[in-house]
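[1] what follows is a predicted protein model with its sequence.
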Amino acid sequence: MNLILLGPPGAGKGTQAKKMIEALKIPQISTGDILRAAVKEGTEMGIEAKKYMDAGKLVPDSVVIGIIDDRLKEADCEKGFILDGFPRTVDQASSLDEMLQKSGRRIDHVVSIEVPDADLLARLTGRWMCTCGASFHKIFNPPKVDGICDLCGAKLYQRDDDKEEAIKVRLENYHKQTAPLIEYYSGKGLLRSIDGTGTPDAIYAAIMAVVNG
Ligand code: AMP
């Protein structure tokens, strides 16, 4: 099962992918997580990517395409994968098509999680993350102890690009650069749109209905 989760920042792609990996036994591949790890490690790629990420801009296609090309060759992707945050431009999508074609694979479903901009701004400005991958929200999903991860006990942090200025740029970029993928995948008959405004469990059920359908 080769899946793409498509949707604006804050739509819940990461949260849903974490739930799906357990049920489907396939890995989540998040270019955002891979880039943040590179930033943390201080690699050359991380230092370069940070400039774009902090400003809410997209990292150049060549960088993320290279990341995905390497990652999809790893053994744990043989039974399938969930792409979260990639592709984000039409060029990335056509490069992905080429990569998959070369290895005799194809995308099964593109699940588009739809949420209005006003909701996204509220979700992202209140978002708190943990290095273990969990995410919380000060109003919608508060941790049991303020500032501490329920799952692993580590201190929560706010992403640099979850500040209001960067969020506005990210949403603009989504509409300009990523939303055209809806048409791209709809033209290929792969697009499955779902309502992303419900509870995480309701959204998960809608995704699994697509996957199992
Ligand atoms: P995310 O965690 O998916 O919201 O990604 C965080 C940031 O990483 C984005 O705002 C971009 O700067 C960068 N990024 C992640 N995935 C991509 C991608 N596919 N193409 C370009 N930049 C990306």
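    It's in. All values derive from a computational prediction rather than experimental measurement.

[2] pLDDT score for residue 160?
    Note for residue 160: predicted pLDDT of 86.

[3] now the closest residue to it other than its chain neighbours: how far from the ligand?
    Spatial nearest neighbour of residue 160, chain neighbours left out: residue 54 (5.0 Å); criterion: Cβ to Cβ, 6 or more residues apart in numbering. C-beta here means a position set from N, CA and C on the backbone, and glycine is covered the same way. Note on residue 54: its distance to the ligand, by Cβ to the nearest ligand atom, to the nearest Å, is 8 Å.

[4] make 30 the first number, not 1, from now on.
    Sure, I'll start counting at 30 from here, so that last one is residue 83.

[5] next, the contact list for residue 83, please.
    Going by Cβ atoms under 8 Å, 6 or more residues apart in numbering, residue 83 touches 189, 190, 195.

[6] all helices of the chain, in order?
    In the chain, the helices defined using DSSP state H lie at 42-53, 60-70, 73-83, 90-101, 119-131, 146-154, 193-202, 209-216, 229-241.

[7] in the chain, which residue sits closest to the ligand?
    Nearest residue of the chain to the ligand: residue 61, at 2.1 Å (Cβ to the nearest ligand atom).

[8] what are the phi and psi values for the residue of the chain positioned farthest from its centre?
    Relative to the C-alpha centroid of the chain, counting by Cα atoms, centre = their mean, residue 174 is the outermost residue, at 26.5 Å. Reported as degrees, to the nearest 10, the phi and psi values for residue 174 are phi -110, psi 130.

[9] for this protein, which residues score under the pLDDT cut-off?
    Within the chain, no stretch falls below the threshold (pLDDT under 70).

[10] which members of the contacts of residue 83 additionally contact the ligand?
    residue 190 (Cβ under 6 Å from any ligand atom).

[11] export the contacts of residue 83 as a markdown table, with columns for neighbour count and distance to residue 165.
    Formatted as a markdown table, the contacts of residue 83 follow (neighbours: other Cβ atoms under 10 Å; distance: Cβ to Cβ, whole Å):
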| residue | neighbour count | distance to residue 165 |
| --- | --- | --- |
| 189 | 14 | 17 |
| 190 | 20 | 17 |
| 195 | 19 | 19 |
